[in-house]
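J.: let's see this in three dimensions:
(one chain, ligands or ions: 2)
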Amino acid sequence: MRFFCWFLSLIPVLACGQRQEFFHPQMGTLFQVILYAEDTVQGKAIAQELFDRIDTLNAIFSDYLENSEINRISASAGTGQKIKVSTEMWRLIAVSQRVSRKSDGAFDLSIGPLSKLWRRAFRQTQFPALAEIKTAKEKVNYRFIQRYPLTKKIRLTKAGMRLDAGGIAKGFAVDECFKILRKAGVSSALVAAGGDIRVGAAPPDKAAWTIASKGLNEKGETVDVELSLKREAVSTSGDTYRFLDWEGQRYSHIIDPRTGLGIQHRQFSRLAGPRSTLADALATAINVLKAEDRKILMKKFSRYTLEVYESKD
Ligand code: AMP
Ligand code: MG
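T.: Ligands and ions are numbered 1, 2, ... in the order given. A predicted model of the protein is given here:
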């Protein structure tokens, strides 16, 4: 899985005894972990456990790996087969489908045929043929993903379907890291995967974690801001440097499943709430939706808050 998200840089928290920081490249981004552990040996061991978990999740969710679970499921599309899936996959699909239903399909895990087409368009700097967009679009619909809860099996009903977890997997991985941290008894920690960040309790010597992000000043200009966070997940999405400039128009890597086109409005969204998985998926969905539909969606997720910034450059 390759993501090139707009990256939130982190303002260093003042070091105190046991603050430890680790990095791990995966899922097309750089995972960053800051934790406060009893000693450096324990801290290192926990970080290793987190990174092993992230690697395992990548092997499940990456559509760039030929033998990933997600690609094995996609290969069964249209065959009528029901595929038994891992618990991780089951849970990720469950959240995806919830966001799809609530966003009226703005978020769609079956976006694969379109994202494949647009990835090629980016590589070749060439707008896809309209016929190709149409064909790909016909294979994209979250309703074509059927779930069988008793057996934890999945059936993809349409031939040529392709699942792409790019809009949700990093958030999922961040939440999984927090499960490990909790079990290990670490309460003060930060896990960042590009634009998907979650923090636990504040560092021992601080009231909150300080994170550099973007906001608007009184004149409505985009400026750097500092966010103070604790026990919260924040995901940003949109206005990355992944886009296609074609005949004066800019098409993002976030695709509107209804048009089959990369979205064109220039903005980024910041979603905050208790969990990264949901924040990640919602942030992607929000970029597809128009302002009035965003409000409707956010009302359905009352523990999550949204800020949207239009880019002018
Ligand atoms: P994010 O950076 O979290 O907004 O995710 C963007 C990635 O999600 C893209 O690179 C695609 O892999 C995937 N994606 C694009 N459009 C959608 C969509 N409408 N629904 C779900 N996933 C999408
Ligand atoms: Mg997302």
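
J.: residue 42 - that's part of a helix, no?
T.: Yes: with DSSP: H, G, I helix; E, B strand; the rest coil as the criterion, residue 42 is located in a helix.

J.: for it, report the pLDDT, please.
T.: Residue 42 carries a pLDDT score of 93 in this model.

J.: distance of the closest residue to residue 37 other than its chain neighbours relative to ligand 1?
T.: Leaving aside its chain neighbours, residue 37 sits nearest to residue 43 (3.6 Å; criterion: CB to CB, 6 or more residues apart in numbering). In short, each C-beta sits where N, CA and C put it, glycine included. The spacing between residue 43 and ligand 1, counted by CB to the nearest ligand atom, to the nearest Å, is 29 Å.

J.: go on, residue 127?
T.: 17 Å.

J.: what is the burial count for the nearest residue to that residue once chain neighbours are set aside?
T.: Ranked by CB to CB, 6+ apart and with sequence neighbours excluded, the top spatial neighbour of residue 127 is residue 246, at 4.5 Å. By other CB atoms under 10 Å, the residues close to residue 246 number 14.

J.: picking up where we left off before, ok, the residue nearest to residue 37 - contacts?
T.: Counting by CB atoms under 8 Å, 6 or more residues apart in numbering, residue 43 touches 18, 20, 35, 37.

J.: touching, the last one and residue 20? I think so.
T.: Yep, that's residue 37 we're talking about. Yes: when contacts are counted by CB atoms under 8 Å, residue 37 is listed as touching residue 20 (6.3 Å).

J.: and the strands in the stretch 101-250 of the chain, which stretches?
T.: Ranges of strands within the stretch 101-250 of the chain are 145-148, 153-156, 189-193, 196-199, 209-216, 222-229, 232-237, 243-246, 249-252, based on DSSP state E, counting those that start in this stretch.

J.: from the contacts of residue 43, which land in strands?
T.: The members of the contacts of residue 43 that map onto strands under DSSP state E are 20, 35.

J.: pick out the most distant pair among the contacts of residue 43.
T.: Farthest pair in those (CB to CB) is 18 and 35. Separation: 8.4 Å.

J.: near ligand 1, which residues of the stretch 51-200 of the chain show up?
T.: Residues of the stretch 51-200 of the chain lying close to ligand 1 (CB under 6 Å from any ligand atom) are 107, 108, 111, 115, 164, 166, 167.

J.: among these, which ones are buried?
T.: Among these, the ones that count as buried by 16 or more other CB atoms under 10 Å are 107, 108, 111, 115, 164, 166, 167.

J.: would you format these as CSV with pLDDT included?
T.: CSV is the format used below for those (pLDDT from 0 to 100):
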residue, pLDDT
107, 98
108, 98
111, 98
115, 96
164, 98
166, 97
167, 96
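
J.: and of these, the nearest to ligand 2?
T.: Distance to ligand 2 across those (CB to the ion) is lowest for residue 167, with 4.0 Å.

J.: ok, for that closest one, nearest residue in space, not its chain neighbours?
T.: In space, and not counting its chain neighbours, residue 167 is closest to residue 284: 3.7 Å by CB to CB, 6+ apart.

J.: ok, the one you found - contacts?
T.: So residue 284 contacts 107, 167, 168, 237, 254 (CB under 8 Å, 6+ apart).

J.: related to what we said a few turns ago, which ones among the contacts of residue 43 come in contact with ligand 1?
T.: The subset of those within reach of ligand 1, counting by CB under 6 Å from any ligand atom, is empty.
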